[in-house]
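> Give me a model of this one.
(chains A and B)
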Amino acid sequence: NAGVTQTPKFQVLKTGQSMTLQCAQDMNHEYMSWYRQDPGMGLRLIHYSVGAGITDQGEVPNGYNVSRSTTEDFPLRLLSAAPSQTSVYFCASSSHKTTGNYGYTFGSGTRLTVV
Amino acid sequence: DAKTTQPNSMESNEEEPVHLPCNHSTISGTDYIHWYRQLPSQGPEYVIHGLTSNVNNRMASLAIAEDRKSSTLILHRATLRDAAVYYCILATSSNTGKLIFGQGTTLQVKP
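Predicted coordinates for the structure are as follows:
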């Protein structure tokens, strides 16, 4: 199993550009979520999904869009990048069937710099 | 969402036990207590979780107070590789995909 795969690992954007951060999991997990982590800070929830076709906002959703057309994929789209969105982004997945044993699985992150 | 309170930092000596405390006085009856850790430059890693009873796994033990308003993560023999930020998080039993992270406890392990 690959677990949770995030691409790209690093990205530099210019202010105003848009891009999509990819997240894929091969564990058939229903639940997926996106977090951002600023330097020296804890993780903050951006958006989450409880299944294909269902998404909801987290703590800091502004400036980001998500969609969940398949169980496996949960892309995060930056609409118009701003320097304040410079951060490390983590994707996570879980299942109510397995959470009792394994909790949430996180990807290795995407380090985004907006200049 | 119910909040947790953890000390900002703790120190331990290598091969000694470590007790990491967490207060969650507003916990509801359906909240699970999760612990994750984050090593430098890595994503968070699941450590353990529980609801009411104490839990043990290969990584750690979780001791939950009888009133569930506090818990303690126990690393039985700290190693240098256990140096990380440890997060105590409450998650609803419905598991909606939401984990709300606090600041966590930075654990330093001295050789």
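> CA only for contacts and neighbour counts going forward, please
Fine.
> From residue A:71, how far out is the residue nearest the centre of chain B?
Geometric centre of chain B, nearest residue: residue B:35, 3.5 Å, by Cα atoms, centre = their mean. Residue B:35 sits 26 Å away from residue A:71, going by Cα to Cα, to the nearest Å.
> what's residue B:90 in contact with, if anything?
Contacts for residue B:90 (Cα atoms under 8 Å, 6 or more residues apart in numbering or on different chains) come out as B:2, B:3, B:4, B:27, B:31, B:32, B:33, B:34, B:99, B:100.
> so how far is residue B:92 from the fifth one?
In this structure, residue B:31 lies at 5 Å from residue B:92, with Cα to Cα as the measure.
> Show me which of the two is the more surrounded one.
Between residue B:31 and residue B:92, counting by other Cα atoms under 10 Å in any protein chain shown, residue B:31 is the more crowded of the two (21 against 18).
> Residue B:69 against residue B:31, yeah?
No - Residue B:69 is not in contact with residue B:31 according to Cα atoms under 8 Å; the separation is 11.0 Å.
> Which member of the contacts of residue B:90 is positioned nearest residue A:66?
Within these, distances to residue A:66 taken as Cα to Cα reach their minimum at residue B:99, with 17.4 Å.
> Find the helix or strand that the residue nearest to that closest one when sequence neighbours are not counted is a member of.
Excluding its sequence neighbours, the residue lying closest to residue B:99 (Cα to Cα, 6 or more residues apart in numbering or on different chains) is residue B:91, at 6.1 Å. Using DSSP states H and E, residue B:91 falls within strand B:84-92.
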